[in-house]
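Peer 1: prediction below, plus the sequence it came from.
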2 protein chains.
Amino acid sequence: MARLLMIPGPTPVQPEVLLASALPVISHTSPEFDEIHSDALRMLGKVFGTKGRVVVLPGSGSLAMEFAARSIVERRGEKALVLKAGHFGGYLARALKAAGAEVEVLEAPIGRGFTAGDVREALEKSRASIIAFQHVETSTSVANPVEELAAEAKKAGAKVLVDGVASIGGMDMRMEDWGVDVCFTGSQKALSTPPGLAIIAYSSKASYLLEREGEGIYFDFKSISREMESTRNYHITPAVNLVVALRESLKRILSEGLEARYRRHKALARALRAGLEAIGIKLVAEEGFRADTVTAAWLPEGVQWPKLYAEMKARGVEIAGGLGELKGRIFRIGHMGEVDANDVIATLASLERSLKSLGYKLELGAAVAAAQEVLAEEGL
Amino acid sequence: MARLLMIPGPTPVQPEVLLASALPVISHTSPEFDEIHSDALRMLGKVFGTKGRVVVLPGSGSLAMEFAARSIVERRGEKALVLKAGHFGGYLARALKAAGAEVEVLEAPIGRGFTAGDVREALEKSRASIIAFQHVETSTSVANPVEELAAEAKKAGAKVLVDGVASIGGMDMRMEDWGVDVCFTGSQKALSTPPGLAIIAYSSKASYLLEREGEGIYFDFKSISREMESTRNYHITPAVNLVVALRESLKRILSEGLEARYRRHKALARALRAGLEAIGIKLVAEEGFRADTVTAAWLPEGVQWPKLYAEMKARGVEIAGGLGELKGRIFRIGHMGEVDANDVIATLASLERSLKSLGYKLELGAAVAAAQEVLAEEGL
C-alpha cells in the first residue's frame, strides 16, 4: 500500500486523530459526548466563518450536499442557477433537482471558473433565487472567487449555496462576511479526519432554513437542528467515534491557526505547480482559477493513466485520476490538510522518476528544484 | 465516564476492531480498499441470509431506513402498511411517506408485536403492496416473528421491508428463506462496529430494486449499486476506516459462528429478564414478543429515571431511558454484540444497589442469583 496519500480526499490523518477515533465507544446521549459534540460545532463555526448553525451528520460529502440542497430549496419549483466547472457541478444540479428546484446550469469551459461578470450576466437573464457553485471543483482543481460571486448574487437577492468539500479547512471561508448562506464539506478533506461525516453550515441569516420540519427523518431539519443543540435531543445516532476524532483534528487546526494553515496550503500549491510546469506538464486550471488544495494536470502524450498510477504507487505515492469525461486524460494530486513541504517534494521526485520510466523526456531533479525555489521564497 | 455501555446501541466495540478503524486512511478507489469492501459485503450477505445485493453507505440506521424505503417504493402513491410497535414504527411510516408511498399504520398496544393473524386480517382490508415492520422495536424491546409475518405478506403478494437495526448480528435473519425483500441495519448495534455505517440488504429476488436510477446522488440506486460491485466505480466517498473496522468485526462474528452468537444472545437475554423479574421489575414486552438484544422495563413506582441513570452511572454502567411517550416511564438495557455473562451480572448487581439506594425494596443478590440460575442452565 502507498505510504503517501496524495489524492484529493480522503487525506492523511494525524495519528493522534486516528487514535481519538479508536477510543471506547460512548453513549451518544451522555453529557460527555454532548460536550465533545458542541465543542466540535463551535470550532467548525470558526472554520466556516459563521455565527449561525452548524450540522454534523453521519454521511459523505454528497450527503452534506443533499442536506444543504434540500434545506435551501424552500418551495417546489424554486429556481436555482448552478455554475458548473466540472463533475461536481453536475452533482449540485442533481441534488437541487432532487430537492424540488427548477435548475438551470451555466457551464464553464474545462479549466475555467466563474467571474463576477459571468454571474451578473446570468442573473440578468435568469430569475434564480438560489445560486450554487463549488468553491473548489475537485475534478478540475478550479477555484471560484467565492467572495465576488456571492456579492453579485446578493445584489440580485439570491441565496448562495457553496460546495466547500475540497476547500474548507484549507482555504479561507467567511460565510458571514461574504454573504454565503449555506456551505458544506466532508470530514475527510482539509479537515483531516477519516471519511464519514457530512458537515453543513448556515450563516446566521440563513439559519432559519433549519426551522422547517422537512421530509422523512434525515431531512427533518427541525429535529436535526434540535439534536445539534444537544445530543440528548436524540433524533438519529451520530457517528460518535468520528465526532471525537473531528474534535481532536479541529483543536489541532485552530492551534496551527487558520491564517497560517491557509498560507501553508497556498505555498505548497504554488511549489507543486512550479514543479510540474518545470518539467513541461500542463495544468488543467487556468491562472487565476487555481485551487490551493488540489492540482489537476494533463497527462503528457504517450503516458497512460493506469501506468502512471502504478509507477507512482510502486514509489509509495498514491495520486488520483480523472473523473467522468476527464478519465484517462488527466491526473490529480491532492495537497490539503496535513500535507507538508516534504510530501510535495517526495511526490514531485517520484513523479519525475515515474514519468522518465514511462518514456517521458525530462531532466531529473528539475521539478524538485523549481519547487525548492518556491518553498525557499516562502520561508518553508 | 461509564466503563460498561449497556445501552441498545451504540454498543461496546472490541479493541481489535477499534484499532482497525485507526489504521492509516487509504484511498477509497485503491484495489486494497476494494478488496476489504467486497470482503465486508460478502460476510454481510451471510449475516443477512441473502444471496442478493448488499449496500454499505456512510450514514446512520435512519439513513439505511430512508435508502431502503426509497428503493422499495417503485411508484408515487404505492400503498404501504406499517406495523407499528413503538417509536421506530413511526420512523418507518415517515420514511415511506417521504419516499412517496401512501402509508397506512397498524398500531400494536405497548409491549405487543404482531402475529400472522394480525397481518392476514390487515391485508384483507388494505391493498398494500409493501409491508414494513421492525424485527426488534428498540424502544419497547418487542420482537416480531419475522418468518411468520413475511409468509403472510408473501401470500398476499406484498413486498416485505424489515428494520433489522436492533437485531442483525444478534438474532437470526434468513432473508432468502423467509421471503424478506429488503432489510437494513446500522454498524453500531449487534455488528459491534462504531456508529456511522448504514447497511441495506436485498434478497436476490428484490435486487432488481437497485437497477433504477433513483433521485439525486445518495438515492441514485444504480450508481450506488455499481460502486458496491467495485469501489473503483466511484460515486460517493465510502467511510473507509469504518468499513475496515466493520470487516474486522464481521470476521470475528463469523468466527464465533452465527448460531453460537444467536444462542449467546438468547441466553443472556433470558438471564437478564430472570434477574429483573426476581426483584419485582415488570418487563415492557409481553411473553412471546421479547427481543434477545434489548430489554425494556417499567420504572418501579417512586423511582425517577434521571436518578436511576445517575446511580447506575456512578457504578460504572450506562443504561438507556425511554423514547417519546415512554420517556421517564421505562428504562432499557442493551445486551447485544460483544456483551457477555459478566456484563449482565455486573449490570444486575449495579441495578440492585442503585434501586436500593433510591428506596426501592429488594433483597440484595436476588437478581444476580436468578440470572446465575439461567446462566448455569445454559452452560455459561
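Peer 2: Happy to help now that I have it. Numbers count the residues shown, from 1 in each chain, chains lettered A, B, ... in the order given.

Peer 1: where do the strands sit along chain A?
Peer 2: A:4-5, A:54-58, A:79-84, A:102-107, A:130-134, A:136-137, A:142-143, A:159-163, A:182-186, A:197-202, A:294-298, A:317-318, A:320-321, A:330-334 (DSSP state E).

Peer 1: show me what counts as buried in stretch A:248-267.
Peer 2: By neighbour count with 16 or more other CB atoms under 10 Å in any protein chain shown, stretch A:248-267 contains the buried residues A:248-251, A:253, A:261-262, A:264-267. Heads up, the C-betas are built off the backbone N, CA and C, glycines and all.

Peer 1: repeat for stretch A:204-222
Peer 2: For stretch A:204-222, using 16+ other CB under 10 Å, the buried residues are A:206-207, A:209-210, A:214-221.

Peer 1: repeat for stretch A:164-181
Peer 2: A:164-173, A:175, A:178-181.

Peer 1: what is the nearest of the buried residues of stretch A:204-222 to chain B?
Peer 2: Nearest to chain B among the buried residues of stretch A:204-222: residue A:216, at 3.1 Å, using CB to the nearest CB.

Peer 1: helices along chain A, start to end?
Peer 2: Taking DSSP state H as the test, the helices found in chain A are A:15-21, A:31-48, A:61-72, A:87-98, A:116-125, A:146-155, A:175-178, A:221-229, A:240-256, A:258-278, A:305-314, A:341-357, A:366-377.

Peer 1: for the fourth one, packing partners?
Peer 2: Using 3 or more CB pairs under 8 Å, 6 or more residues apart in numbering or on different chains; DSSP states H and E as the contact test, the elements touching helix A:87-98 are helix A:61-72, strand A:79-84, strand A:102-107, strand A:130-134, strand A:136-137, strand A:159-163.

Peer 1: what angle sits between it and strand A:79-84?
Peer 2: Relative orientation of helix A:87-98 versus strand A:79-84 (axes from the mean of the first three to the mean of the last three CA atoms, to 10 degrees): 170 degrees.

Peer 1: centre of the chain to helix A:87-98, how far?
Peer 2: Between the centre of helix A:87-98 and the centre of its host chain there is 15 Å, according to CA atoms, centre = their mean, to the nearest Å.

Peer 1: how close does residue A:299 sit to residue A:318?
Peer 2: From residue A:299 across to residue A:318, the span is 17 Å (CB to CB, to the nearest Å).

Peer 1: count of residues packed around the closest residue to chain B within the stretch 1-150 of chain A?
Peer 2: Relative to chain B, the nearest point of the stretch 1-150 of chain A is residue A:98 (3.1 Å; CB to the nearest CB). Neighbour count of residue A:98, defined by other CB atoms under 10 Å in any protein chain shown: 20.

Peer 1: what does residue A:369 give?
Peer 2: Using other CB under 10 Å, residue A:369 has 13 neighbouring residues.

Peer 1: what's the first-to-last distance across stretch A:231-250?
Peer 2: Distance across stretch A:231-250, first residue to last, is 19 Å (CA to CA, to the nearest Å).

Peer 1: residue contacts, residue A:213?
Peer 2: Residues near residue A:213 by CB atoms under 8 Å, 6 or more residues apart in numbering or on different chains: A:220-223.

Peer 1: reformat the buried residues of stretch A:204-222 as CSV; add pLDDT.
Peer 2: Output for the buried residues of stretch A:204-222, formatted as CSV (pLDDT from 0 to 100):
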residue, pLDDT
A:206, 98
A:207, 98
A:209, 98
A:210, 98
A:214, 90
A:215, 93
A:216, 96
A:217, 98
A:218, 97
A:219, 98
A:220, 98
A:221, 98
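
Peer 1: near chain B, from those?
Peer 2: A:215-220 (CB under 8 Å from any CB of the partner chain).

Peer 1: so which of the strands of chain A is nearest residue B:126?
Peer 2: Closest to residue B:126 of the strands of chain A is strand A:54-58 (CB to CB; 33.7 Å).

Peer 1: relative to the closest one, what are the paired strands and their orientations?
Peer 2: Applying DSSP bridges to the sheet, strand A:54-58 is found paired with strand A:197-202 (antiparallel).

Peer 1: contact partners of the strand it pairs with?
Peer 2: Here strand A:197-202 makes contact (CB under 8 Å, 6+ apart) with A:44-45, A:48, A:50, A:52-61, A:63-64, A:67-68, A:71, A:168, A:175, A:181-187, A:191, A:209-210, A:239, A:242-243, A:246, B:58, B:196.

Peer 1: pLDDT wise, what is residue A:1 at?
Peer 2: Listed pLDDT for residue A:1 reads 70.

Peer 1: how many other residues sit next to the closest residue to it other than its chain neighbours?
Peer 2: For residue A:1, ignoring the flanking residues on the chain, the nearest one in space by CB to CB, 6 or more residues apart in numbering or on different chains is residue B:32 at 5.3 Å. Each residue near residue B:32 was counted by other CB under 10 Å, and the total is 12.

Peer 1: residue B:32 contacts residue B:26, doesn't it?
Peer 2: Yes. Assessed by CB atoms under 8 Å, residue B:32 is found in contact with residue B:26 at 5.9 Å.

Peer 1: what is in contact with those two at once?
Peer 2: Taking CB under 8 Å, 6+ apart as the contact rule, residue B:32 and residue B:26 both touch residue A:1.

Peer 1: near chain B, which residues of the stretch 151-300 of chain A?
Peer 2: The stretch 151-300 of chain A comes close to chain B at residues A:186, A:188, A:194-198, A:215-220, A:234-242, as judged by CB under 8 Å from any CB.

Peer 1: rerun at 7 Å
Peer 2: The stretch 151-300 of chain A has residues A:186, A:188, A:194-196, A:215-218, A:236-242 near chain B, with proximity defined as CB under 7 Å from any CB of the partner chain.

Peer 1: next one: residue A:113 from residue A:297, what distance?
Peer 2: Distance, residue A:113 to residue A:297, by CB to CB: 17 Å.

Peer 1: looking at those two, which is more packed in?
Peer 2: When residue A:113 and residue A:297 are compared for neighbours, residue A:113 comes out ahead with 26 against 21, by other CB under 10 Å.

Peer 1: would JSON lines of the buried residues of stretch A:204-222 with distance to residue B:342 be doable?
Peer 2: As requested, those are exported to JSON lines (distance: CB to CB, whole Å):
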{"residue": "A:206", "distance to residue B:342": "51"}
{"residue": "A:207", "distance to residue B:342": "48"}
{"residue": "A:209", "distance to residue B:342": "49"}
{"residue": "A:210", "distance to residue B:342": "44"}
{"residue": "A:214", "distance to residue B:342": "44"}
{"residue": "A:215", "distance to residue B:342": "45"}
{"residue": "A:216", "distance to residue B:342": "40"}
{"residue": "A:217", "distance to residue B:342": "36"}
{"residue": "A:218", "distance to residue B:342": "37"}
{"residue": "A:219", "distance to residue B:342": "42"}
{"residue": "A:220", "distance to residue B:342": "40"}
{"residue": "A:221", "distance to residue B:342": "43"}
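
Peer 1: nearest to residue B:343 among those residues?
Peer 2: So of these, ranked by how close each gets to residue B:343 (CB to CB), first place is residue A:217, at 30.6 Å.

Peer 1: now that closest one. Nearest residue, chain neighbours left out?
Peer 2: The shortest distance from residue A:217 to any non-neighbouring residue, by CB to CB, 6+ apart, is to residue B:62 (4.4 Å).

Peer 1: didn't the one you found look like it was pressed against residue A:218?
Peer 2: Yes. Residue B:62 is within contact range of residue A:218, at 5.8 Å (criterion: CB atoms under 7 Å).
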